[in-house]
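In: Provided below for reference: sequence and predicted model.
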Amino acid sequence: MRNDPVHTLKLQIEFLNRGIVPLSWNVRNGAGPWFDVNKILESLPPEEARQMKRKFRKAWRKLVAHDMKRGGRQARKRLSIIEAGKEIPTRRAKNARKAEVLIAFNRKVSPQENKC
């Protein structure tokens, strides 16, 4: 979660290449990754917004599948926070899902920094 503009641009390009609304840590306003997503989706045509939502769900389901395969206490805790089995998630779960996807994409954009 860097403030580097080049890193932020790379992260946004990765989201757009995947067809997902770009998430970001809006540190200046103290908001999380859920800050402007709904406003962006409302401004898009309905079919395009639907596709972006579906692609986002695909991305976080991939993360859930990885956690379910891995198992362990930490994975179970993450799965309970994002409410993996519920059909209608709470606001907290939706925000946690967005944060998980943002963190995963952040790792893909800057893998050399995460090898500590």
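Out: Noted; the coordinates are in hand.

In: per-residue pLDDT, the spatially most central residue of the chain?
Out: For the chain, the residue nearest the mean C-alpha position is Val101 (2.5 Å; Cα atoms, centre = their mean). Per-residue confidence (pLDDT) for Val101: 89.

In: After the one helix or strand Val6 maps to, which helix or strand is next?
Out: Val6 belongs to helix 5-18 when assigned by DSSP states H and E. On the C-terminal side of helix 5-18, the nearest following helix or strand under DSSP H and E is helix 37-43.

In: Run through who's touching that following helix.
Out: Contact with helix 37-43 is made by Val21, Leu23, Ala49, Met52, Lys53, Lys98, as judged by Cβ atoms under 8 Å, 6 or more residues apart in numbering. For glycine as for every other residue, the C-beta is placed from the backbone atoms N, C-alpha and C.

In: Would you confirm that the last one contacts Leu23?
Out: Looking back up the chat, that one is Lys98. Yes. In this structure Lys98 lies within contact range of Leu23 using Cβ atoms under 8 Å: 5.8 Å.

In: quick one: which of these two has more around it?
Out: Between Lys98 and Leu23, Leu23 has the larger neighbour count (other Cβ atoms under 10 Å), namely 24 against 20.
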